[in-house]
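>>> Need a 3D model of the sequence below.
(chains A and B)
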Amino acid sequence: MENGNQTKLRIEHLSLNFGGVHALNDVSLEIKDNEILAIIGPNGAGKTCILNCISGFYKPQQGEIYFEGKKITRMRPDKVANLGLARTFQNIELYTGLSSQDNIMAARHVLMKQNFVSGSLYFGWAHKEEIEHRELVEDIIDFLEIEPIRKRVVGSLPYGMRKRVELGRALALEPKVLLLDEPMAGMNLEEKEDIARFVVDVFEGQGVTYPNNPTLRDGVTCIVLVEHDMGVVMDIADRIIVLDFGRKIAEGTPDEIKSNPEVIRAYLGQEAK
Amino acid sequence: MGLPCGTYNYSYAKDMAILRTKTHWALFIALLILVFTAPLYCDNYLLGVANLMGITLIAAVGLNILLGYCGQLSIGHAGFIAVGAYTAAVLTGTFELPFLVGLICAGLMAGLVGLFFGIPSLKVKGFYLGIATIAAQFIIIWFINHLSITGGFTGIAVPYASIGGFVFDTEASQFYLIMTIAVLCVFFAKNLARTRIGRAFVAIRDNDLAAEVMGINLFYYKLLAFFIGCFLAGIAGSLLAHWIGFMNAEQFSISESILYIGMVIIGGMGSALGPILGVIFIRLLQQGMMFIAPMLESAFPALPAGFASGIAPMLFGVVIVLFLVLEPRGLSHRWMLFKASYRLWPFSY
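So this is what the prediction gives:
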């Protein structure tokens, strides 16, 4: 905490085209430690594109992305995940055939060491490792209050619960940076409040409540939130970046953004003269 | 849900265990005893059927890992079994190497060939991968028919399996050999499925996009699934070669490959019990057809010639379609439903 706001992710002059469509146009931004950064903008502004570039799905034509000083542009998604970037998706992308608990366990993949030989022998080493990781997963299940559904197959779960499992899966990766793509889309007020509370709790860290789980104990100090709900964004974000048509049009604290004329024009259109 | 009444999880180890109660253990041991004492009260015909089932099971377990868990369609499984069978046949027959060396080499060889034909899985999915693996089926059979070392179209004789000085030359002794390996394979497959690698496979099957973002190397794990699946096919092939004693490429036709997919579907894809039930079901159906078809022909002389031999594939087709429509999750899911209901019986919930 003492060394303040170090840059975690730096995006430099990122441009992404699909044929003639400029999805991102020379976007530069910095994502710092110890902050919840919100990326907002109208539909099709390129918010998700930025996340997809970071996690390696999209290969931007120009520009570079640095994570803790290391270039991760055009890196394979699983390698990016190994560096400590976890994300959730706008349209829930869970492993539908696995139970909630196994979905979260599956995210421990990069942190586990068994291979297919020790796994198929099971007794002994793999068994021990499974239990160790299961304990950490149970912390997350407890934190997200999804105990009743831990054995349920996620394909059969209601939407709100699946969103939570997906958040849990991202947390199980023990990420340094957490990218949340519209975690509250399609939710009612109560569910939104729940998720907002989880996000803030994860950010702050839970300390002695979960002494063994490093992610929950110390918190994820860098969270990127892509969200449409202005109320939530204004309440929990430390800094906001506004995109419109693939360009960054504003950046600042929630108060600055609220009164920014560019942002108002992008969202509400111009007043009729 | 899923546990007998009065069974609680006091530790994660308990929660992960497969056999939970004393009844489970008793039933499990009783089943093993029943299987391994079968030669005492079964005649050679039944043992032969059981041997075929055991060999088929090993291959089906392999296909279940590949198709059921990892979601990679392979319509060339009989081809990979053929690779194992011929590797074992050539090594033990022509080069007179020990059976166990042949067995391991058969697995490795089939695994490596599987790796090669698994490479397209990186770019293509589903049906397209299916078509790519059909190529494996045809290429492998072509090579077997046109290489001199495999005996070409005439086939190749294979000696009996032997370990140390002991020769497995009776149905009963082969039964022990095959069943031991089959039980081990089921054990390994079940453990693989419930640990890290298995979860990675299912992750790839259910959502390869998310799997990659969560740090699973798609290339490595898809190929690993191909390797393990085909390795088991190779082991099955080796046992098949020693059991039959004579190999010919016709034994590994594409209809066999499709039958294997049928077994995995009917048993229940992606469950450890699935291949066991599927193999028993299909092989029993085949034996039943062998009894019934001649009877049908003699009872109804008006039936066209070749009806008896033609009805079996038709029946398999119908059975697979019925399962896909009525119970796409297979017999193992039926079994789960049955277990859930008898635990509650006589109450409805």
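>>> residues contacting A:Ile140?
A:104, A:168, A:171-172, A:213, A:215-216 (Cβ atoms under 8 Å, 6 or more residues apart in numbering or on different chains). Just so you know, the C-beta spots here come from the backbone N, C-alpha and C atoms, and that holds for glycine as well.
>>> can you narrow those to ones near chain B?
Residues of these in contact with chain B (Cβ under 8 Å from any Cβ of the partner chain): none.
>>> buried subset of those residues?
A:104, A:168, A:171-172, A:213, A:215-216 (16 or more other Cβ atoms under 10 Å in any protein chain shown).
>>> residues near the residue of the stretch 1-150 of chain B at minimum distance from chain A, how many?
Evaluated by Cβ to the nearest Cβ, the stretch 1-150 of chain B has B:Tyr12 as its residue closest to chain A, separated by 4.6 Å. Neighbour count for B:Tyr12, taken as other Cβ atoms under 10 Å in any protein chain shown: 17.
>>> In the stretch 51-200 of chain A, what residue spans correspond to helices?
Along the stretch 51-200 of chain A, counting by DSSP state H, counting those that start in this stretch, helices occupy A:77-83, A:100-107, A:116-121, A:125-143, A:159-172, A:189-204.
>>> So for residue 66, what's the pLDDT?
I went with chain A, as the question did not name one. Predicted confidence (pLDDT) for A:Tyr66: 94.
>>> that answer is for a different chain, and I need it for chain B
95.
>>> for it, what are its contacts?
Residues counted as contacts of B:Leu66 (Cβ under 8 Å, 6+ apart) are B:72, B:74, B:225-226, B:228-230.
>>> hmm, back to that, ok now do the residue of the stretch 1-150 of chain B closest to chain A, which residues does it touch?
A:130-131, A:134-135, A:138.
>>> What sits closest to residue 232 if chain neighbours are left out?
Because you didn't say which chain, this covers chain A. A:Ala196 (5.3 Å; Cβ to Cβ, 6 or more residues apart in numbering or on different chains).
>>> looking at chain B here, not the other one
B:Gly62 (3.0 Å).
>>> That neighbour: what's it in contact with?
Counting by Cβ under 8 Å, 6+ apart, the residues that B:Gly62 touches are B:77, B:80, B:185, B:228-233, B:236.
>>> Let me know the closest of the residues you listed to B:Phe307.
Taking Cβ to Cβ as the measure, B:Phe307 sits nearest to B:His77 out of these, at 28.4 Å.
>>> Counting neighbours, what do you get for the closest one?
B:His77: 34 neighbours (other Cβ under 10 Å).
>>> hang on, B:Ala172 in a strand?
No: checked against DSSP: H, G, I helix; E, B strand; the rest coil, B:Ala172 lies outside a strand; its state is helix.
>>> what's around it, how many residues?
B:Ala172: 15 neighbours (other Cβ under 10 Å).
>>> pretty sure B:Val83 is touching B:Met109, no?
Yes: B:Val83 lies in contact with B:Met109 (Cβ atoms under 8 Å); the separation is 5.7 Å.
>>> More neighbours: the two, which one.
B:Val83 (27 against 24).
>>> what sits against the more buried one?
Shown in contact with B:Val83 (Cβ under 8 Å, 6+ apart): B:106, B:109-110, B:113, B:140, B:230, B:233-234, B:237.
>>> of all the residues you listed, which two lie farthest apart?
Checking the contacts of B:Val83 with Cβ to Cβ, the most distant pair is B:Ala106 and B:Ile140, at 13.5 Å.
>>> Who has more neighbours out of those two?
For B:Ala106 versus B:Ile140, neighbours defined as other Cβ under 10 Å are more numerous around B:Ala106 (32 against 23).
>>> There's contact between that one and B:Ala88 in this structure, I believe.
Yes: applying Cβ under 8 Å, one finds B:Ala106 in contact with B:Ala88, separated by 4.2 Å.
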